[in-house]
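Participant: Next comes the sequence, and after it the predicted model I'd like to discuss.
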Number of protein chains: 2
Amino acid sequence: MGTTKSEVFTEEENRIADLAKAFAHPARVAILRLLAEKKACVCGDLVDELPLSQATVSQHLKELKRIGIIKGDIAPPRVCYCIDEVVWNEAMQSFGLLFSSYLKNDCC
Amino acid sequence: MGTTKSEVFTEEENRIADLAKAFAHPARVAILRLLAEKKACVCGDLVDELPLSQATVSQHLKELKRIGIIKGDIAPPRVCYCIDEVVWNEAMQSFGLLFSSYLKNDCC
DNA sequence: AATTTATATCGTAATATTGCGATGAATTAG
DNA sequence: CTAATTCATCGCAATATTACGATATAAATT
(Lines give C-alpha, C1' and ligand atoms only; values in the text may rest on other atoms or scores of the structure.)
Protein backbone atom coordinates (compact mmCIF):
# COMPACT_ATOMS: atom_id res chain seq x y z
CA MET A 1 0.00 0.00 0.00
CA GLY A 2 0.93 3.64 -0.16
CA THR A 3 0.98 3.27 -3.92
CA THR A 4 -1.73 4.46 -6.25
CA LYS A 5 -3.35 1.54 -8.07
CA SER A 6 -2.84 3.04 -11.53
CA GLU A 7 -3.50 -0.26 -13.34
CA VAL A 8 -7.16 -0.24 -12.41
CA PHE A 9 -7.86 3.19 -13.88
CA THR A 10 -8.04 4.30 -17.47
CA GLU A 11 -5.13 5.88 -19.31
CA GLU A 12 -7.02 9.11 -19.45
CA GLU A 13 -7.79 9.17 -15.74
CA ASN A 14 -4.14 8.56 -14.98
CA ARG A 15 -3.02 11.24 -17.41
CA ILE A 16 -5.36 13.85 -16.02
CA ALA A 17 -4.21 12.99 -12.50
CA ASP A 18 -0.62 13.40 -13.62
CA LEU A 19 -1.29 16.73 -15.30
CA ALA A 20 -3.09 17.89 -12.16
CA LYS A 21 -0.02 17.00 -10.12
CA ALA A 22 1.85 19.69 -11.99
CA PHE A 23 -0.42 22.19 -10.26
CA ALA A 24 -0.85 20.35 -6.98
CA HIS A 25 1.95 22.09 -5.12
CA PRO A 26 2.16 25.85 -4.52
CA ALA A 27 5.82 25.94 -5.56
CA ARG A 28 4.98 24.32 -8.89
CA VAL A 29 2.07 26.71 -9.39
CA ALA A 30 4.49 29.57 -8.77
CA ILE A 31 7.04 28.12 -11.18
CA LEU A 32 4.48 27.56 -13.92
CA ARG A 33 3.15 31.06 -13.47
CA LEU A 34 6.61 32.59 -13.75
CA LEU A 35 7.26 30.56 -16.87
CA ALA A 36 3.84 31.24 -18.37
CA GLU A 37 4.21 34.96 -17.88
CA LYS A 38 7.84 34.84 -18.98
CA LYS A 39 8.98 36.55 -15.82
CA ALA A 40 11.73 34.06 -15.43
CA CYS A 41 13.20 31.33 -17.50
CA VAL A 42 16.66 30.48 -16.26
CA CYS A 43 16.72 28.09 -13.35
CA GLY A 44 18.75 30.46 -11.21
CA ASP A 45 16.21 33.22 -11.66
CA LEU A 46 13.46 30.84 -10.57
CA VAL A 47 15.45 30.00 -7.46
CA ASP A 48 15.80 33.72 -6.74
CA GLU A 49 12.07 34.22 -7.07
CA LEU A 50 11.11 31.29 -4.90
CA PRO A 51 11.46 30.90 -1.13
CA LEU A 52 12.97 27.46 -1.45
CA SER A 53 16.47 26.08 -1.74
CA GLN A 54 18.10 25.46 -5.09
CA ALA A 55 17.93 21.71 -4.54
CA THR A 56 14.22 21.82 -3.85
CA VAL A 57 13.44 24.01 -6.84
CA SER A 58 15.46 21.70 -9.03
CA GLN A 59 13.43 18.77 -7.79
CA HIS A 60 10.14 20.48 -8.62
CA LEU A 61 11.49 21.30 -12.07
CA LYS A 62 12.36 17.66 -12.52
CA GLU A 63 8.82 16.62 -11.65
CA LEU A 64 7.39 19.17 -14.09
CA LYS A 65 9.71 17.83 -16.77
CA ARG A 66 8.62 14.27 -16.03
CA ILE A 67 5.01 15.29 -16.57
CA GLY A 68 6.13 17.03 -19.72
CA ILE A 69 4.58 20.41 -19.09
CA ILE A 70 7.96 22.17 -19.18
CA LYS A 71 11.15 21.57 -21.06
CA GLY A 72 14.69 22.68 -20.40
CA ASP A 73 17.06 24.16 -22.90
CA ILE A 74 20.64 23.68 -21.79
CA ALA A 75 22.91 26.65 -22.34
CA PRO A 76 25.80 25.85 -20.04
CA PRO A 77 26.30 26.56 -17.34
CA ARG A 78 22.66 27.61 -17.35
CA VAL A 79 19.41 25.91 -18.18
CA CYS A 80 16.53 27.84 -19.63
CA TYR A 81 13.16 26.37 -18.76
CA CYS A 82 9.93 27.03 -20.54
CA ILE A 83 6.39 25.80 -20.93
CA ASP A 84 5.93 22.99 -23.43
CA GLU A 85 3.16 24.42 -25.52
CA VAL A 86 1.81 21.06 -26.67
CA VAL A 87 1.42 19.66 -23.18
CA TRP A 88 0.15 22.97 -21.83
CA ASN A 89 -2.59 22.88 -24.46
CA GLU A 90 -3.29 19.24 -23.72
CA ALA A 91 -3.80 20.12 -20.06
CA MET A 92 -5.93 23.13 -20.92
CA GLN A 93 -8.16 21.03 -23.14
CA SER A 94 -8.40 18.07 -20.77
CA PHE A 95 -9.40 20.24 -17.85
CA GLY A 96 -11.67 22.30 -20.05
CA LEU A 97 -13.55 19.22 -21.17
CA LEU A 98 -13.75 17.89 -17.66
CA PHE A 99 -15.05 21.16 -16.26
CA SER A 100 -17.61 21.55 -18.99
CA SER A 101 -18.89 18.01 -18.54
CA TYR A 102 -20.64 19.10 -15.40
CA LEU A 103 -24.34 19.03 -15.99
CA LYS A 104 -26.08 21.11 -13.46
CA ASN A 105 -29.19 19.24 -12.55
CA ASP A 106 -30.88 18.45 -9.34
CA CYS A 107 -29.54 15.48 -7.51
CA CYS A 108 -28.72 16.61 -4.00
CA MET B 1 10.59 18.24 6.32
CA GLY B 2 8.13 16.26 4.26
CA THR B 3 5.72 19.12 4.78
CA THR B 4 4.88 21.70 2.15
CA LYS B 5 5.96 25.18 3.27
CA SER B 6 2.55 26.73 2.69
CA GLU B 7 3.36 29.86 4.71
CA VAL B 8 5.85 31.09 2.16
CA PHE B 9 3.42 30.99 -0.75
CA THR B 10 0.46 33.20 -1.52
CA GLU B 11 -3.09 32.32 -0.58
CA GLU B 12 -3.90 31.96 -4.24
CA GLU B 13 -1.02 29.64 -4.97
CA ASN B 14 -2.02 27.46 -2.06
CA ARG B 15 -5.65 27.46 -3.12
CA ILE B 16 -4.89 26.50 -6.69
CA ALA B 17 -2.62 23.73 -5.46
CA ASP B 18 -5.41 22.47 -3.23
CA LEU B 19 -7.96 22.56 -6.04
CA ALA B 20 -5.51 20.71 -8.26
CA LYS B 21 -5.20 18.02 -5.60
CA ALA B 22 -8.84 17.21 -6.19
CA PHE B 23 -7.81 16.00 -9.65
CA ALA B 24 -4.38 14.67 -8.75
CA HIS B 25 -5.43 11.07 -8.20
CA PRO B 26 -7.11 8.87 -10.80
CA ALA B 27 -9.71 7.68 -8.31
CA ARG B 28 -10.72 11.24 -7.56
CA VAL B 29 -10.82 12.07 -11.26
CA ALA B 30 -13.14 9.09 -11.71
CA ILE B 31 -15.33 10.16 -8.81
CA LEU B 32 -15.60 13.74 -10.03
CA ARG B 33 -16.42 12.56 -13.53
CA LEU B 34 -19.17 10.28 -12.29
CA LEU B 35 -20.62 13.07 -10.20
CA ALA B 36 -20.26 15.62 -12.99
CA GLU B 37 -22.10 13.34 -15.37
CA LYS B 38 -24.51 12.35 -12.64
CA LYS B 39 -24.07 8.68 -13.21
CA ALA B 40 -23.67 8.22 -9.54
CA CYS B 41 -24.42 10.19 -6.52
CA VAL B 42 -24.95 7.84 -3.61
CA CYS B 43 -21.71 6.71 -2.03
CA GLY B 44 -22.51 3.04 -2.50
CA ASP B 45 -22.97 3.53 -6.23
CA LEU B 46 -19.55 5.15 -6.40
CA VAL B 47 -18.03 2.21 -4.54
CA ASP B 48 -19.68 -0.14 -7.06
CA GLU B 49 -18.25 1.83 -9.97
CA LEU B 50 -14.73 2.06 -8.60
CA PRO B 51 -12.14 -0.70 -8.28
CA LEU B 52 -11.30 0.28 -4.73
CA SER B 53 -12.54 -0.73 -1.32
CA GLN B 54 -15.33 1.11 0.41
CA ALA B 55 -12.91 2.49 3.00
CA THR B 56 -10.61 3.89 0.33
CA VAL B 57 -13.44 5.48 -1.64
CA SER B 58 -14.75 7.04 1.54
CA GLN B 59 -11.32 8.48 2.23
CA HIS B 60 -11.12 10.07 -1.23
CA LEU B 61 -14.61 11.49 -0.74
CA LYS B 62 -13.46 12.99 2.54
CA GLU B 63 -10.53 14.68 0.81
CA LEU B 64 -12.80 16.05 -1.91
CA LYS B 65 -15.12 17.37 0.79
CA ARG B 66 -12.19 19.00 2.59
CA ILE B 67 -11.27 20.81 -0.61
CA GLY B 68 -14.92 21.75 -0.95
CA ILE B 69 -15.46 20.60 -4.51
CA ILE B 70 -18.14 18.11 -3.48
CA LYS B 71 -20.73 18.08 -0.77
CA GLY B 72 -22.64 15.26 0.85
CA ASP B 73 -26.31 15.21 1.59
CA ILE B 74 -27.04 12.78 4.38
CA ALA B 75 -30.15 10.65 3.93
CA PRO B 76 -29.48 7.84 6.34
CA PRO B 77 -28.25 5.34 6.00
CA ARG B 78 -27.09 6.78 2.69
CA VAL B 79 -25.17 9.85 1.70
CA CYS B 80 -25.79 11.50 -1.61
CA TYR B 81 -22.71 13.24 -2.95
CA CYS B 82 -22.62 15.89 -5.60
CA ILE B 83 -20.44 18.57 -7.10
CA ASP B 84 -20.44 21.87 -5.25
CA GLU B 85 -21.24 24.20 -8.09
CA VAL B 86 -19.60 27.23 -6.51
CA VAL B 87 -16.27 25.55 -5.93
CA TRP B 88 -16.42 23.75 -9.27
CA ASN B 89 -16.81 27.12 -10.97
CA GLU B 90 -14.05 28.60 -8.84
CA ALA B 91 -11.74 25.81 -10.00
CA MET B 92 -12.81 26.21 -13.62
CA GLN B 93 -12.12 29.92 -13.51
CA SER B 94 -8.82 29.66 -11.63
CA PHE B 95 -7.44 27.09 -14.03
CA GLY B 96 -8.88 28.95 -16.97
CA LEU B 97 -7.07 32.12 -15.96
CA LEU B 98 -3.86 30.26 -15.30
CA PHE B 99 -3.95 28.47 -18.65
CA SER B 100 -4.73 31.63 -20.55
CA SER B 101 -1.91 33.53 -18.85
CA TYR B 102 0.57 31.70 -21.03
CA LEU B 103 2.21 34.12 -23.40
CA LYS B 104 3.56 32.28 -26.33
CA ASN B 105 6.76 33.91 -27.42
CA ASP B 106 10.22 32.75 -28.14
CA CYS B 107 12.40 32.19 -25.15
CA CYS B 108 13.71 28.66 -25.35
C1' DA C 1 -34.74 -5.05 20.98
C1' DA C 2 -32.25 -7.19 17.37
C1' DT C 3 -30.97 -7.07 12.59
C1' DT C 4 -29.81 -4.99 8.44
C1' DT C 5 -27.92 -1.42 5.50
C1' DA C 6 -24.88 2.28 4.29
C1' DT C 7 -21.18 4.96 5.48
C1' DA C 8 -17.39 6.84 8.40
C1' DT C 9 -13.44 6.19 11.04
C1' DC C 10 -9.53 3.72 13.22
C1' DG C 11 -5.29 1.42 12.98
C1' DT C 12 -1.68 -0.06 10.40
C1' DA C 13 1.59 -0.93 6.64
C1' DA C 14 3.73 0.50 2.52
C1' DT C 15 5.14 3.94 -0.45
C1' DA C 16 5.49 8.86 -2.00
C1' DT C 17 6.52 13.58 -1.31
C1' DT C 18 8.88 17.53 0.48
C1' DG C 19 12.91 19.87 1.80
C1' DC C 20 17.73 20.75 2.24
C1' DG C 21 22.84 20.31 2.87
C1' DA C 22 26.49 18.33 0.58
C1' DT C 23 28.50 16.82 -3.38
C1' DG C 24 29.13 16.01 -8.35
C1' DA C 25 29.29 17.32 -13.30
C1' DA C 26 29.87 20.46 -16.99
C1' DT C 27 31.18 24.61 -18.91
C1' DT C 28 33.25 29.22 -18.92
C1' DA C 29 36.55 32.62 -17.21
C1' DG C 30 40.91 33.85 -15.79
C1' DC D 1 45.30 24.31 -15.58
C1' DT D 2 42.57 26.34 -11.82
C1' DA D 3 38.89 28.62 -10.22
C1' DA D 4 34.12 30.05 -10.40
C1' DT D 5 29.39 29.41 -11.86
C1' DT D 6 25.24 26.91 -12.55
C1' DC D 7 22.52 23.20 -12.04
C1' DA D 8 21.50 18.12 -11.03
C1' DT D 9 21.74 14.49 -7.98
C1' DC D 10 22.57 11.92 -3.62
C1' DG D 11 21.40 10.91 0.94
C1' DC D 12 18.77 11.67 4.64
C1' DA D 13 14.85 12.95 7.81
C1' DA D 14 10.19 14.21 8.39
C1' DT D 15 5.67 14.14 6.96
C1' DA D 16 1.86 12.91 3.71
C1' DT D 17 -0.67 9.77 0.94
C1' DT D 18 -2.73 5.49 -0.40
C1' DA D 19 -5.02 1.32 0.62
C1' DC D 20 -7.65 -1.86 3.26
C1' DG D 21 -9.58 -4.86 7.01
C1' DA D 22 -11.91 -4.23 11.06
C1' DT D 23 -14.84 -1.77 13.71
C1' DA D 24 -18.00 1.97 14.96
C1' DT D 25 -22.18 4.69 14.00
C1' DA D 26 -26.79 5.72 12.85
C1' DA D 27 -31.13 5.11 11.04
C1' DA D 28 -34.70 1.88 9.00
C1' DT D 29 -36.70 -2.50 9.25
C1' DT D 30 -38.24 -6.52 11.27
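Facilitator: Sure, I can see it.

Participant: how about the closest residue to A:Asp84 other than its chain neighbours, secondary structure?
Facilitator: Excluding its sequence neighbours, the residue lying closest to A:Asp84 (Cβ to Cβ, 6 or more residues apart in numbering or on different chains) is A:Lys71, at 4.8 Å. Quick note: C-beta positions are derived from backbone N, CA and C, even for glycine. Per DSSP: H, G, I helix; E, B strand; the rest coil, the local secondary structure of A:Lys71 is strand.

Participant: from memory A:Lys71 sits against A:Cys82, does it?
Facilitator: Yes. Applying Cβ atoms under 8 Å as the test, A:Lys71 and A:Cys82 come out as touching, 6.4 Å apart.

Participant: Can you give me the distance of the residue nearest to A:Asp84 to DNA strand C?
Facilitator: Distance check for A:Lys71 against DNA strand C: by Cβ to the nearest atom of the strand, to the nearest Å, it reads 18 Å.

Participant: show me what contacts that residue?
Facilitator: Applying Cβ atoms under 8 Å, 6 or more residues apart in numbering or on different chains, one finds that A:Lys71 lies in contact with A:Lys65, A:Tyr81, A:Cys82, A:Asp84, B:Cys108.

Participant: okay, it: pLDDT?
Facilitator: pLDDT, A:Lys71: 94.

Participant: How about the backbone phi and psi for A:Ile74?
Facilitator: phi -80, psi 120 (degrees, to the nearest 10).

Participant: can you check A:Val42 too?
Facilitator: phi -70, psi 140.

Participant: Name all residues that make contact with the residue in chain A that DNA strand D sits nearest to.
Facilitator: For chain A, the residue closest to DNA strand D is A:Gly44, as judged by Cβ to the nearest atom of the strand, at 2.4 Å. Residues in contact with A:Gly44 (Cβ under 8 Å, 6+ apart) are A:Arg78.

Participant: Which residue, other than its chain neighbours, is closest to A:Ile70?
Facilitator: Nearest residue to A:Ile70, sequence neighbours excluded (Cβ to Cβ, 6+ apart): A:Leu64, at 4.5 Å.

Participant: re earlier: any idea how far A:Ile31 is from the residue of chain A closest to DNA strand D?
Facilitator: Distance, A:Gly44 to A:Ile31, by Cβ to Cβ, to the nearest Å: 13 Å.

Participant: Check A:Asp18 too.
Facilitator: Going from A:Asp18 to A:Ile31 by Cβ to Cβ gives 17 Å.
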